[in-house]
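Asker: quick one, fold the following:
(chains A and B)
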Amino acid sequence: SQTIHQWPATLVQPVGSPLSLECTVEGTSNPNLYWYRQAAGRGLQLLFYSVGIGQISSEVPQNLSASRPQDRQFILSSKKLLLSDSGFYLCAWSTSALGGYTFGSGTRLTVV
Amino acid sequence: AQSVTQLGSHVSVSEGALVLLRCNYSSSVPPYLFWYVQYPNQGLQLLLKYTSAATLVKGINGFEAEFKKSETSFHLTKPSAHMSDAAEYFCAVSSYNTDKLIFGTGTRLQVFP
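Answerer: Numbering: from 1, shown residues only, chains lettered A, B, ... in the order given. Model prediction:
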């Protein structure tokens, strides 16, 4: 069956520290992969998406970057976290427009 | 370009009452439409989807939605609310010519006993 793993579930990091969030998908090949952020009381903001290994599209300029080193692995990174990077980060995958997205369980990031 | 508007960021109903969450879309091509539910500190879960088959779509947990092209709407309904329905609900749109889902800003549903 198809599953998506996202970790860690929660993370508290000091301002200026680096960040690495990982997302892996099982049971499917060549998925489209997405990183979203939810700030408190706000909707979903698409940060990055990827249609293949090494192919990353950024939706908004920010302090974050993404990489896809393997077909089913998507990593969200930052060299130096800002307070404004706090939020709930969600990874998702899809294989067609008909199917919609399947979401991971999310990572709650608090930058202090 | 596609877009989704969810009217009402907060909706409150009593347990047993009708749930109606509104979603209007804009799309220059035939849309695919989705409703997702998000419980606190969890990811989004697909409730139901419309992909150009039957206009009345039934989903999980007793929810359903009707695609009305003339009104460009895809409202989510449930005849009788349960306390466990309290969550945030997102409407989303895509189409055959894009891999991206465009999400609405979400509606938080509160259910009172």
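Asker: residues of chain B that sit close to chain A?
Answerer: B:32, B:34, B:36, B:41-46, B:49, B:51, B:90, B:92, B:94-101, B:103-106 (Cβ under 8 Å from any Cβ of the partner chain). From N, CA and C alone the C-beta is placed, and that goes for glycine too.
Asker: again, only this time at 10 Å
Answerer: B:6, B:9, B:31-36, B:38, B:40-46, B:48-49, B:51-52, B:88, B:90, B:92, B:94-106, B:108 (Cβ under 10 Å from any Cβ of the partner chain).
Asker: list the ones among those residues that fall in strands.
Answerer: In this view, the residues of chain B next to chain A that belong to strands under DSSP state E are B:31-36, B:38, B:44-46, B:48-49, B:88, B:90, B:92, B:94-95, B:102-103, B:108.
Asker: beta partners for residue 50?
Answerer: As the question left the chain open, I've gone with chain A. A:Leu33 (DSSP bridges).
Asker: can you look at chain B instead?
Answerer: Beta-bridge partners of B:Tyr50, counted by DSSP bridges, are B:Leu33.
Asker: and stretch A:84-99, does that touch chain B?
Answerer: Yes: for a cut-off given as Cβ under 10 Å from any Cβ, stretch A:84-99 has contacts with chain B, namely A:Phe88, A:Leu90, A:Cys91, A:Ala92, A:Ser94, A:Thr95, A:Ser96, A:Ala97, A:Leu98, A:Gly99.
Asker: for the second one, what are its contacts?
Answerer: Just to be clear, that refers to A:Leu90. A:4, A:6, A:23, A:34-38, A:44-45, A:47, A:101, A:103-107, B:38, B:42-44 (Cβ atoms under 10 Å, 6 or more residues apart in numbering or on different chains).
Asker: for B:Ser70, see how far away it is.
Answerer: Between A:Leu90 and B:Ser70 the computed distance is 34 Å (Cβ to Cβ, to the nearest Å).
Asker: where does chain A have low pLDDT?
Answerer: Scanning chain A with the threshold set as pLDDT under 70 gives A:41, A:61.
Asker: rerun that using 50 as the cut-off
Answerer: Applying pLDDT under 50 to chain A flags no residue at all.
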